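Q: kindly return the folded structure for what I paste below:
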Amino acid sequence: MTPAARIAATVDLLVAVEDRPRRPADATVNDFFRARRFIGAGDRRAIAERAFGIMRQRRRLDWHLIRCNMKPNARALVIAHMALSEGADMATIAAGFPGGQYAATPLIAAETRIAGQMVGKPLADPWMPEEIRLNLPEWAIPGLRARFGDDLPAAAAGLDEAAPLDLRANILKTTRDEAIAALAAEGIASAPTSLSPWGIRVDGRRAVTATKPFLDGRIEVQDEGSQMVALLADARPGMRVVDWCAGAAGKTLAMAATMGNKGRIAACDVSSVRLVGATKRLARGGVDNAETHLIEPGDRWAKRRAGTFDRVLVDAPCTGTGTWRRNPDARLRMGETDLSELVAKQSVILETAAGLVRPGGRLIYATCSLLPQEDEDQVNGLLARRAEFSIVPLASLWPGLRPDTPIPCPGDFLVLSPHTHGTDGFFCAVLERRAD
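A: The predicted structure is shown next:
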């Protein structure tokens, strides 16, 4: 595709995303390219990167456009992004809109005017309000400030960066070193991650899902922070384990590996679609000690199995603030009402999951949120309701899990963030039920 054709496709993709504002953008992007299989891999990557870059900087781009008396729309956003984020000059921007077949129509007078006003200007303007300058929704700032304090600008900058591609070596089928070598044989450079003992970070954006190591189940796509939650679960051979909010079973797969396929894991979720995907992933990964269960209204599965599990992992539904660099549209889709609803839902889920833990067993509570309301506040609420549970401090867990690696953060809980650890933002608490 020509550069102009890529720009035209980016405009079309942004329109598709705007048409379904409550749907995750990555799902819309996948549908967009699935319907346009004629677009090659390199062009897809370039189009998607520009579109996600625009979504990532949408609040700042909107601010600039409104200051120029232009209502934000897909074309205007592409023009503003080219000028402010890509550093394009007027000639380059105009050349991107030449008209003709497979190209966007030429700039109109108003578009030429806003391009001229933005060329050479910084994306982050000192006149911006704090929430725009930090590129954070106003509703999330109090919680993030409570988390990071004076380090909030650095944390916000970390959430602005594009996320790396992390993989997990499936130790049921390979070692990390062997997986890295297998990727290298297919022309994909990668290196071990620093925290996860199974983590692999790929150099650049590569189509790893088409490689042999992925297709035969030796590697899985999983952020290093997510891998650390599975590590802290410390699921061992012979245990009974439940992944209570399993989704597509990424953590189920990781725990099955640490269990050596010995013992039993139940992957539970409220979505049948996600569990279908989980079943396929488990089969590809060579997992044969896991079963899936669909949680439905009136379901008595948890009541019948109360107090029987050695490990209960709850990766609770949350605002996903820790994944905003990976899902930049989420900061636009989520609001204060969503936070309130999720906090209430998390409390109910955590209470149910706590009932599954056997005496002496452990409850692992995790979110990909950096807001204390969804993290420490939920843990403290459970501890206030259930005196039989107590915190297992990170400092007491870490030496047995990663003896040769420095502990990643102070305090009782694992708290990871992009600007400090290079992972998605994750919170993880380990609680133990009193044995008597």
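Q: list the contacts of the nearest residue to Val208 once chain neighbours are set aside.
A: Distances taken as Cβ to Cβ, 6 or more residues apart in numbering put Phe214 closest to Val208, at 5.4 Å, once the chain neighbours are dropped. For every residue, glycine as well, the C-beta is placed using N, CA and C. The neighbourhood of Phe214, defined by Cβ atoms under 8 Å, 6 or more residues apart in numbering, consists of 208, 220-221.
Q: confirm Phe214 sits in a strand?
A: No - the assignment for Phe214 by DSSP: H, G, I helix; E, B strand; the rest coil gives helix, which leaves it out of any strand.
Q: how much space between the residue positioned nearest the centre of the chain and Leu275?
A: Geometric centre of the chain, nearest residue: Thr323, 3.9 Å, by Cα atoms, centre = their mean. As judged by Cβ to Cβ, to the nearest Å, Thr323 and Leu275 stand 21 Å apart.
Q: most distant residue from the middle of the protein?
A: Computed with Cα atoms, centre = their mean, the residue of the chain farthest from its C-alpha average is Ala109, at 40.0 Å.
Q: give me the distance between it and Met70.
A: 12 Å.
Q: could you pull up phi and psi at the closest residue to Met334 other than its chain neighbours?
A: Nearest in space to Met334, with sequence neighbours left out and distances taken as Cβ to Cβ, 6+ apart, is Thr319 at 5.2 Å. Geometry field for Thr319 lists phi and psi as phi -70, psi -20, criterion degrees, to the nearest 10.
Q: what's the answer for the one 10 residues further on, then?
A: When quoted as degrees, to the nearest 10, the phi and psi of Asp329 stand at phi -70, psi -20.
Q: ok, Gly204 next?
A: Listed backbone geometry of Gly204 is phi 80, psi -170, with angles given as degrees, to the nearest 10.
Q: again with Phe97
A: Dihedral angles phi and psi of Phe97 (degrees, to the nearest 10) take the values phi -130, psi 70.
Q: the helix or strand where Gly361 lies: partners in the sheet, and parallel or antiparallel?
A: In this assignment (DSSP states H and E), Gly361 forms part of strand 357-367. Each strand paired with strand 357-367, and its direction, by DSSP bridges: strand 309-315 (parallel), strand 426-433 (antiparallel).
Q: the residue nearest to Asp160 when sequence neighbours are not counted - how many residues pack around it?
A: Distance criterion Cβ to Cβ, 6+ apart; nearest residue to Asp160, sequence neighbours excluded, is Asn135 at 5.7 Å. Here the neighbour count serves as a burial measure; for Asn135 (other Cβ atoms under 10 Å) it reads 21.
Q: what sits against Asn135?
A: For Asn135, the contacting residues are 56-57, 59-60, 156, 159-160, 331, taking Cβ under 8 Å, 6+ apart as the criterion.
Q: name the member of those residues with the most neighbours.
A: Result: Leu159 is most packed of the contacts of Asn135 (other Cβ under 10 Å), 27 neighbours.
Q: distance check, that one against Ala140.
A: Here the criterion is Cβ to Cβ. By it, Leu159 lies 10 Å from Ala140.
Q: any shared contact partners between these two?
A: Overlap between the neighbourhoods of Leu159 and Ala140 consists of Thr321, taking contacts as Cβ under 8 Å, 6+ apart.
Q: for the lengthiest helix in the chain, packing partners?
A: Ranked by residue count under DSSP state H, the longest helix found in the chain is helix 336-354. Other elements packing on helix 336-354 under the criterion 3 or more Cβ pairs under 8 Å, 6 or more residues apart in numbering; DSSP states H and E are strand 309-315, strand 357-367, helix 376-385.
Q: pLDDT of it, averaged?
A: Per-residue pLDDT values across helix 336-354 average out to 96.
Q: CA-only coordinates of that helix in CSV, if you can.
A: Taking only C-alpha atoms (Å, rounded to 0.1, in the frame of the first residue of the first chain), the coordinates of helix 336-354 have been written out as CSV:
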residue,chain,number,x,y,z
GLU,A,336,-16.6,6.9,37.3
THR,A,337,-19.8,4.9,37.1
ASP,A,338,-17.9,1.9,35.8
LEU,A,339,-15.5,2.1,38.7
SER,A,340,-18.3,2.1,41.2
GLU,A,341,-20.0,-0.8,39.6
LEU,A,342,-16.8,-2.8,39.4
VAL,A,343,-15.8,-2.2,43.0
ALA,A,344,-19.2,-3.6,44.1
LYS,A,345,-18.8,-6.6,41.8
GLN,A,346,-15.2,-7.3,43.0
SER,A,347,-16.4,-7.4,46.6
VAL,A,348,-19.0,-10.1,45.8
ILE,A,349,-16.6,-12.1,43.7
LEU,A,350,-13.9,-12.0,46.3
GLU,A,351,-16.4,-13.1,49.0
THR,A,352,-17.5,-16.1,47.0
ALA,A,353,-14.0,-17.1,46.1
ALA,A,354,-12.9,-16.9,49.7
